[in-house]
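Need a 3D model of the following:
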Amino acid sequence: LGASALMQGLADGYFVLPYTMGDYLAADIRTGAIPTNSPEFDEAEQKVREQLERLMNTNGTKSVDHFHKRLGKIMWNKVGMSRNATHLREAIVEIKELREEFWKDVRIPGEVNG
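A predicted model of the protein is given here:
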């Protein structure tokens, strides 16, 4: 029963959540206009811009989907319902290696401001 319920929750969340969460929170989130004329905003904006430029300028050979699928396989095989210390340690190493490869070989088409 546990595995079945988990899989049903994952599937329902994947398909249903994006269409329901926004409406659910809409009445509770009333922040009003957020000012952008502060040093903190400028700093955050610059960090995001630098990260986007780094991603776009990598000019690698593999798509984001390629890395997403590989991460999913690691998570499914080593961090899923049945797990143990050995597989968790292996997953940590594999995810670190995948992250390093991502930053060296990801290819994102388009332009930063396109």
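
So for stretch 93-103, mean pLDDT?
For stretch 93-103, mean pLDDT is 97.

ok, residues contacting that stretch?
Stretch 93-103 is contacted by residues 54, 58, 62, 67, 70-71, 74, 78 when judged by C-beta atoms under 8 Å, 6 or more residues apart in numbering. Heads up, the C-betas are built off the backbone N, CA and C, glycines and all.

Just the closest of the residues you listed to Asp23, please.
Among the contacts of stretch 93-103, Leu71 lies closest to Asp23 (C-beta to C-beta), at 29.8 Å.

that's a helix at the closest one, yeah?
Yes. When DSSP: H, G, I helix; E, B strand; the rest coil is applied, Leu71 is found to be in a helix.

quick one on the thing from earlier: list buried residues within the contacts of stretch 93-103.
When those are checked for burial by 16 or more other C-beta atoms under 10 Å, the buried set is 58, 67, 70-71, 74, 78.

And the furthest pair within those residues?
The span of the buried ones among the contacts of stretch 93-103, defined through C-beta to C-beta, is set by Thr58 and Lys78 at 26.6 Å.
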